[in-house]
Structure formats: structure tokens, C-alpha cells
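**Q** The following block contains a protein sequence and its predicted model.
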Amino acid sequence: MKALIFGIGGFVGKYLTEELKSHGYEVAGSDVLPTLDIPDVEYYSGDLLSPDFVSILIQKIQPDAIINLAAISSVGASWKIPQTTIQVNVIGSLNILEAAGKYAKNAKIMFIGSSEEYCEKDSAINESDPLRGNNPYGISKMSQEQFVSAYRAKFGMKIYYARPFNHTGIGQKDSFVLPSFCKQAAMIEATGEPGEIHVGNLSAKRDFSDVRDIVRAYRMIIESDDDSKIYNVGSGKAFGLDEMLNYIVSLCSVDVKVVVDQERFRPVDTPIVLCDNTAIKKDLGWEPQYSIFDTLKDMYEYYLRNEQA
């Protein structure tokens, strides 16, 4: 089996590559990066927004599976560049659908949605809950999902879809909340002196998963038979940002003061986001293997090693 990953150079790409290779796949990938630091990958640098590039690549690779990870994946970033968000997340996906429909008719294709597609809910969100994205990122993922449904129905393409909830791990940019906490704490610890962690609003509760659990779910979904079934992917547990921050601070041997930075502070529109993962557990036998607190410890220790190097 040969898999082609678009957006392989992003945070999740390395983990998905390792997951697929460990299950016997050959992996090819593309991204806008000039080079790629992942061994044993057939890599092609190019722009997902170029229909010609996407078509030529799919013709050349002739993949058995195509997975699209390429996206503007931050809600905050999507508000700053809404036009680019729509271009990458929707037009880029359409370029893959068009090229695959012409040159890889038998390939399994997978697109990644988001919990940001859902309406706000004060309990666990399941796949049948209504969709109503309220930011450019969530809206772009809803649009992508509608195109997936249309192409599946009209052309009989084998297209899979997942709606992951928050996930993190070593390698995620520190512009995201949990890597930011871990990096700041590690920098303080490395000095051996007391220090301050600057944070935004800590009142939200979020369902965070380890990225390794997420990519295992992606593989299990695309290997399944029913491409019409959309799966939530998440831990099924929501913890407060304050609780996760307190755990990270507890890893430090020096005093750490938490300071609320008004520049980072945003009102929380959704107090809790929690995944109902019943369907994927029941249908595919997927179970989370990592605790988010173990992941936080790994990330903190990774940053600490880098600071002390």
C-alpha cells in the first residue's frame, strides 16, 4: 500500500507518517516546504492551490490512499487571514478531489474536519449534533465536508471523513496553548530561578488528545469499509486549562507565578468542548492509549532538554 499525504510537513504529518510506515505503508508526501526532515519519505515540494501540481503528483504516485492534512488549522489565524483559510482548506481540498477523481479512481481518500464545525453544547458532542461553525476555520471545514459528501454521492469516490477534537504533542507550535505553557515552564526551570508564566483565559474546559492517538484513529478510519460514516476523534475527557497548567507548574522545582496577560486574554465563547467518541470505539475498536497529562510531561521535558542543551 502506498499513501500520499498532503501537508506532510505540518505538526501531524510526522506522526501520521510513522503510524503508516509501522503498518507496512510506503509513504509519499507534499508540502510547500523546500525540503522535509522525515526519513524514508518520497517528498515533493509544491503548492496545494495549484491544480496542475496536484494532478501531476497524483498521476505520478498512483497512491492507494490519499490523506489531506494541509490546512490553516488555527481559529485565531483564520480570523486574521479568512480568505487564505478558505483557499487552502476548501479550494485545496477541491483540487485533490478533482485530481483523484481523474487519476486515482480506486484510491481511498481522507479529509480531516474539526470539532469547530459543531454548535456549542454543554455536554459531550456526538456526530449527529448540528453543525454551525462560527469562525472562518470552522466554516471552511464545514464547506470541505459538504464537498466531500457531494463528490462521494455524485462520483462514487471512496472518501472518508473525521472530526478530530483538540490534539497536541511534541512538535506542535508554541503559538498553541499547551505547548506555550510547557515551553514557558521549561524555560523558567532551566534558569534555576523563580519566574512567571504568562497566560490568557484559563476558564475553558477542553478535550485534548495525544497526537499519536489521533493519527492511529486516522489510519483505522481509512482502513475501514464504510466511507460514509463520519467519526469524532477525541479522548472523551475534558480538563480545565487551569488544571493542565497547574500540573505543568508542578513539574518545576522552582517557584512559578501565573500571570494573566491581557494581550493573551480572550473571552471564552464555549465553556466546554467534549468529544463523544462512542462511535469510533464501538465500530473500529479504537481506544486512547495516552493520557493528556503524560503528553504534557513529555512536552515539558522536551523543551527542558532543549533549554539545557
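**A** Received the coordinates, thanks.

**Q** Quick check, Gly200 in contact with Val259.
**A** No: if you go by C-beta atoms under 8 Å, Gly200 and Val259 don't touch, sitting 10.7 Å apart. Backbone N, C-alpha and C define where each C-beta goes, glycine included.

**Q** Show me which of these two is the more surrounded one.
**A** Between Gly200 and Val259, Gly200 has the larger neighbour count (other C-beta atoms under 10 Å), namely 17 against 11.

**Q** Am I right that Ser149 sits in a helix?
**A** Yes: residue state for Ser149 (DSSP: H, G, I helix; E, B strand; the rest coil) corresponds to a helix.

**Q** And it, what's its pLDDT?
**A** Turning to Ser149, the model gives it a pLDDT of 97.

**Q** Same check on Gln262?
**A** Per-residue confidence at Gln262 stands at 79 (pLDDT).

**Q** repeat for the one 5 residues further on
**A** At Pro267 the predicted local confidence, pLDDT, stands at 66.

**Q** ok, now Ala217?
**A** Ala217 is assigned a predicted lDDT (pLDDT) of 98.

**Q** try Ala309
**A** On the pLDDT scale, Ala309 gets 60.

**Q** can you start the count at 487 instead of 1 from here on
**A** Done: numbering now begins at 487, and the last item shifts to Ala795.

**Q** So what's the residue count around the closest residue to Glu512 other than its chain neighbours?
**A** Spatially, and ignoring its direct neighbours in sequence, Glu512 is nearest to Lys488 (4.6 Å; C-beta to C-beta, 6 or more residues apart in numbering). Lys488 is flanked by 16 other residues according to other C-beta under 10 Å.

**Q** Repeat that for Ser739.
**A** Using other C-beta under 10 Å, the number of residues around Ser739 comes to 7.

**Q** tell me the contacts of the nearest residue to it once chain neighbours are set aside?
**A** The spatially closest residue to Ser739, leaving aside those adjacent along the chain, is Glu675, at 6.6 Å (C-beta to C-beta, 6+ apart). Contacts were defined as C-beta atoms under 8 Å, 6 or more residues apart in numbering; by that measure Glu675 touches 737-740, 790, 793.

**Q** Next, the buried residues of the one helix or strand in the chain whose mean pLDDT sits lowest.
**A** Taking mean pLDDT, DSSP states H and E as the measure, the chain has helix 561-566 as its least confident helix or strand, at a mean of 91. Within helix 561-566, the residues that qualify as buried are 561, 564, counting by 16 or more other C-beta atoms under 10 Å.

**Q** Packing partners of it?
**A** For helix 561-566, the contact count by 3 or more C-beta pairs under 8 Å, 6 or more residues apart in numbering; DSSP states H and E identifies helix 622-641 as packing neighbours.

**Q** Report the strands that pair with whatever helix or strand comes next after the helix it packs on, each with its relative direction.
**A** If you walk from helix 622-641 toward the C-terminus, the next helix or strand you reach (DSSP states H and E) is strand 644-650. In the sheet containing strand 644-650, its partner strands are strand 594-598 (parallel), strand 717-719 (parallel), by DSSP bridges.

**Q** Dump the ones you listed to JSON lines, plus mean neighbour count and distance to Pro520.
**A** Rendered in JSON lines, the data for the strands paired with strand 644-650 read as follows (neighbours: other C-beta atoms under 10 Å; distance: least, C-beta to C-beta, whole Å):
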{"stretch": "strand 594-598", "mean neighbour count": "24", "distance to Pro520": "24"}
{"stretch": "strand 717-719", "mean neighbour count": "25", "distance to Pro520": "31"}
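
**Q** okay if I get these as TSV plus distance to Ser508 and mean pLDDT?
**A** Formatted as TSV, the entries for these read as follows, by distance: least, C-beta to C-beta, whole Å; pLDDT from 0 to 100:
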stretch	distance to Ser508	mean pLDDT
strand 594-598	18	98
strand 717-719	19	98
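
**Q** and those as TSV, adding distance to Leu519?
**A** Below are the strands paired with strand 644-650 laid out as TSV (distance: least, C-beta to C-beta, whole Å):
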stretch	distance to Leu519
strand 594-598	19
strand 717-719	26
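
**Q** just to revisit the earlier point, next, the buried residues of whichever strand or helix holds the residue nearest to Ser739.
**A** Using DSSP H and E, Glu675 maps to helix 663-677. Counting neighbours by 16+ other C-beta under 10 Å, one finds that the buried residues in helix 663-677 are 663-672, 674-676.
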